[in-house]
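[1] okay, structure incoming, though there's no sequence with it:
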């Protein structure tokens, strides 16, 4: 797919949004278009106002049910529609997930994120009941629990909340206009419906996007506009860089420009001052220096561990060294906005 990334003409400097409600596309254009160092400085000021300096959230992502998905998301190796090297696997047992959770906690992670390659939850089924039992067990460890299980119903969202889930991940990926170029088996509105059900059930929402799928800068900013219009701001915004998977329609996409990534992280930090901005998929493609620039621009969360759902991630030792060299300390579980205003 052709990369349509375009630059936006710089305009006069604007003020940080800082909890002023829904952002407009024009506001985000102005913020994004600042000279890069000015943009980073502005984002850093917002970050320091709302967050303890030098803390970072460490999250471990585990695939509890891999492959065999009926959806046609163009970036995903788990779709049955594409010939990739991912073989379908059955749902992990409670004991297998607990083993991963104990290992993650002992290495410093405070959040366990569990993903299942499903179109959505079918409440009342044996598989969903098994997932609820896994969640109840992991919740006893004192870790935050995030799950991503596809589309939800209101009842399923309430059951997840009751079992111990703190956050539901459901990425919007890109703008409403560009979304049909990436997925055709469900709609952008379907995604918004699930987010609404999760928030109505009292769950926090983890919702972000993917850079490098051929979208424009405007598409990326429009995604932030939509996120700012949610009932409550996302608890966390993961910003992923596409990892091109052989066999998927996006396998030939070029890497994301590091300065474009930094600009979007900084813009997200200014737009969502109380939200965790997560440097997510694609981090293994970034140098230590590039990652440091992303943290300077406002990222304060990472996926921690050697593997994401189906792609690689920097190994734990490398991350520990990087974070130590930068002077970061792990954020405690259930931390939110703790700086006095």
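    Noted; the coordinates are in hand. Model, not experiment: these values are computed from the prediction. Residues are numbered from 1 along each chain as shown.
[2] mind listing the strands for the stretch 1-150 of the chain?
    For the stretch 1-150 of the chain, applying DSSP state E, counting those that start in this stretch gives strands covering 55-65, 111-116, 144-148.
[3] between these, which one is closest to residue 124.
    Among the strands of the stretch 1-150 of the chain, strand 111-116 comes nearest to residue 124, with 16.0 Å by Cβ to Cβ. Placement of C-beta: from N, CA and C, glycine included.
[4] helices and strands around that closest one, which ones?
    If contacts are counted by 3 or more Cβ pairs under 8 Å, 6 or more residues apart in numbering; DSSP states H and E, strand 111-116 sits against strand 55-65, helix 94-107, helix 126-138, strand 144-148, strand 167-169.
[5] reformat those as a markdown table; add mean neighbour count and mean pLDDT.
    Converted to a markdown table, the helices and strands packed on strand 111-116 look like this (neighbours: other Cβ atoms under 10 Å; pLDDT from 0 to 100):
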| stretch | mean neighbour count | mean pLDDT |
| --- | --- | --- |
| strand 55-65 | 22 | 90 |
| helix 94-107 | 16 | 90 |
| helix 126-138 | 18 | 93 |
| strand 144-148 | 23 | 94 |
| strand 167-169 | 24 | 96 |
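[6] how about those in CSV, adding distance to residue 23?
    Shown next, in CSV, are the helices and strands packed on strand 111-116 (distance: least, Cβ to Cβ, whole Å):
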stretch, distance to residue 23
strand 55-65, 23
helix 94-107, 34
helix 126-138, 33
strand 144-148, 25
strand 167-169, 22
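[7] export the strands of the stretch 1-150 of the chain to CSV and tack on distance to residue 96?
    Converted to CSV, the strands of the stretch 1-150 of the chain look like this (distance: least, Cβ to Cβ, whole Å):
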stretch, distance to residue 96
strand 55-65, 8
strand 111-116, 11
strand 144-148, 16
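[8] picking up where we left off before, so which of the helices and strands packed on strand 111-116 is nearest residue 195?
    strand 167-169 (7.9 Å).
[9] for the closest one, packing partners?
    strand 111-116, strand 144-148, helix 188-200, strand 204-206.
[10] please repeat the previous calculation with a cut-off of 7 Å.
    strand 144-148, strand 204-206 (3 or more Cβ pairs under 7 Å, 6 or more residues apart in numbering; DSSP states H and E).
[11] can you list those strands in CSV and add distance to residue 272?
    As requested, these are exported to CSV (distance: least, Cβ to Cβ, whole Å):
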stretch, distance to residue 272
strand 144-148, 17
strand 204-206, 12
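[12] mind checking those strands for the one nearest to residue 75?
    strand 144-148 (14.5 Å).
[13] what's in contact with the closest one?
    Strand 144-148 has contacts (Cβ atoms under 7 Å, 6 or more residues apart in numbering) with 110-115, 135, 138-139, 160, 164-170, 206, 333-334.
[14] just the buried ones from those residues, in PyMOL syntax?
    Only the buried entries of these go into this PyMOL selection, using 16 or more other Cβ atoms under 10 Å:
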select buried, resi 110+111+112+113+114+115+135+138+139+160+164+165+166+167+168+169+170+206
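[15] right, and the strands of the stretch 1-150 of the chain - which one's nearest residue 43?
    That would be strand 55-65 among the strands of the stretch 1-150 of the chain, by Cβ to Cβ, at 15.6 Å.
[16] now the angle from that closest one to strand 111-116?
    Taking axes from the mean of the first three to the mean of the last three Cα atoms, to 10 degrees, one finds that strand 55-65 is oriented at 30 degrees with respect to strand 111-116.
[17] just how off-centre is strand 55-65 within its chain?
    10 Å (Cα atoms, centre = their mean, to the nearest Å).
[18] centroid residue for this protein?
    In the chain, the C-alpha nearest the mean C-alpha coordinate belongs to residue 238, at 2.4 Å (Cα atoms, centre = their mean).
[19] ok, that one - contacts?
    By Cβ under 7 Å, 6+ apart, the contact list for residue 238 reads 171, 206, 208, 278, 280.
[20] which one of these is nearest to residue 250?
    Minimum distance to residue 250 across these is 15.2 Å, recorded for residue 171 (Cβ to Cβ).
[21] do you know how far that closest one is from residue 101?
    For residue 171, the distance to residue 101 equals 23 Å [Cβ to Cβ, to the nearest Å].
[22] try residue 176
    36 Å.
[23] shaky segments in this protein?
    Along the chain, the parts satisfying pLDDT under 70 run over 1-21, 305-314, 336-341.
[24] let me see the ranges of the helices in it.
    Under the criterion DSSP state H, the chain carries helices at the ranges 25-32, 36-50, 94-107, 126-138, 154-163, 188-200, 217-228, 258-271, 288-296, 316-326.
[25] got the contact list for the third one?
    Looking back up the chat, that one is helix 94-107. Contacts for helix 94-107 (Cβ under 7 Å, 6+ apart): 60, 62, 64, 112, 114, 133-134, 137-138, 141, 143, 305, 316.
[26] spatially, which two of those are the most separated?
    133 and 316 (28.0 Å).
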